[in-house]
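In: Output the structure for:
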Amino acid sequence: MLTRLTELFKYRELVRNLVIRDLKVRYKSSFLGFVWSLLNPLLMMLVFTVVFTVMMPNKSIEKFPVFLLTAILPWNWCAASINGGIGSIVGNANLIKKVYFPREILPASVVLSNMVNYLLALIVLFAMLLAFGVEIQPMFAFLPILIFIQMIFLLGLAFFVSALNVSFRDTEVITEVGIMAWFFLTPVFYDIHDLFPQYERLMYILNPMASFISTYRLVLLQGAGPEPYFLLRTLATSLIVFALGYAFFIRQSRLFGEEL
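Out: Prediction:
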C-alpha cells in the first residue's frame, strides 16, 4: 500500500488535470457555471428552512439556516464523492485499457474535485455566519484539519465503491438507497442531542458523518475546539476506512482488465 501511495504521488500532475477536467465537464453546458456550487447549498438550505421553521416549526434550534448550512456542505461533499466515485472506474474503461496509470487516481480525482466545490461553498457559509451575527473565532483554525480528515474518510469510501462496482454493477442502485437512509440518520437538519440523547455516543461511533457534522458545528457555530479524544477517534475511524477501502481497491484492481 505504501508503494502504491508513493507511486500515486508521482502522478500528482495527472490527478490535478483530472480534477480540472471533472470540474470543467460538470459545468460545461451550465449557464451559471461554478456559481451553482454556491447556489445549490443555498437552495437546499432555503427548502429545509421553510419546512422546519414555517411548516413544521422547530424553535429549539437557534439560527437554524446556518445550523443547517454547516451540515449540508460536508454532507453534499460526502454524497457527491460516493455517487461520483462509484462509476469512476467503469466510466473510464477505455482509458484504463489503453494507458497505464495508477487506477486509484480516478476515484481520488472525484473526491478532490468535490472538495474544491466544498471549499468554494465555504464562501457562502462564512457570509451567512457573518449575516447571523456569528463572529470569526480562533478555533476556526481547526477547519482545515477537519477537511483533511474528512477527505481521508471519503477517499476510502470512494476506493471501495468504485472497485466494488466493477464486479457488481448493482452497486450504484443499492448505494442510492443507502445514501438516502444515511442522510436521515445523520444530524443534518436536526440536533442529535434532541432526537437520540440516549444513543448519542453510539451514533457518533457508528456514523462518522455525524461526528464530522457535530464537530463542524462546534467549531463554526460555537467557536469551540473539538475534544482531543473525539477528534482522534474520528481520525482513527477515517484512517481505518481509508486503509480498508484502499486495500480492497488494490486487490480488486488486478481484475479490472478482465471485468471491464
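
In: Dump stretch 129-146 to PDB, restricted to CA.
Out: Provided in PDB are the C-alpha atoms of stretch 129-146 (Å, rounded to 0.1, in the frame of the first residue of the first chain):
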ATOM      1  CA  LEU A 129     -22.300  33.200   9.600                       C
ATOM      2  CA  LEU A 130     -21.500  36.900   9.500                       C
ATOM      3  CA  ALA A 131     -25.100  37.800   8.500                       C
ATOM      4  CA  PHE A 132     -26.400  35.900  11.500                       C
ATOM      5  CA  GLY A 133     -24.000  37.500  13.900                       C
ATOM      6  CA  VAL A 134     -21.600  34.600  14.300                       C
ATOM      7  CA  GLU A 135     -18.100  36.100  14.800                       C
ATOM      8  CA  ILE A 136     -15.000  34.600  13.300                       C
ATOM      9  CA  GLN A 137     -13.200  32.700  16.200                       C
ATOM     10  CA  PRO A 138      -9.600  31.500  16.600                       C
ATOM     11  CA  MET A 139     -11.000  27.900  16.700                       C
ATOM     12  CA  PHE A 140     -11.800  28.300  13.000                       C
ATOM     13  CA  ALA A 141      -8.200  27.200  12.600                       C
ATOM     14  CA  PHE A 142      -9.400  23.600  13.100                       C
ATOM     15  CA  LEU A 143     -11.400  23.800   9.900                       C
ATOM     16  CA  PRO A 144      -8.500  22.700   7.600                       C
ATOM     17  CA  ILE A 145      -7.800  19.800   9.900                       C
ATOM     18  CA  LEU A 146     -11.500  18.600   9.800                       C
END
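
In: Check the offset of that stretch from the chain's centre.
Out: 19 Å (CA atoms, centre = their mean, to the nearest Å).

In: what's the average pLDDT for that stretch?
Out: Here stretch 129-146 scores 89 as its mean pLDDT.

In: What of stretch 158-172?
Out: Stretch 158-172 comes out at a mean pLDDT of 92.

In: Pull out the buried positions in it.
Out: 158-166, 171 (16 or more other CB atoms under 10 Å). Bear in mind the C-beta positions are built from the backbone N, C-alpha and C, glycine included.

In: swap in stretch 117-126?
Out: Buried-residue list, stretch 117-126, by 16+ other CB under 10 Å: 117-118, 121-122, 124-125.

In: Is it possible to get TSV of the residues you listed that adds distance to residue 70, pLDDT and secondary structure?
Out: Shown next, in TSV, are the buried residues of stretch 117-126 (distance: CB to CB, whole Å; pLDDT from 0 to 100; DSSP: H, G, I helix; E, B strand; the rest coil):
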residue	distance to residue 70	pLDDT	secondary structure
117	16	88	helix
118	12	92	helix
121	11	86	helix
122	10	90	helix
124	11	86	helix
125	7	88	helix
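
In: So which of those residues is the closest to residue 40?
Out: residue 121 (7.8 Å; CB to CB).

In: Am I right that that closest one is in contact with residue 39?
Out: No: counting by CB atoms under 8 Å, residue 121 sits too far from residue 39 to count as a contact (9.5 Å).
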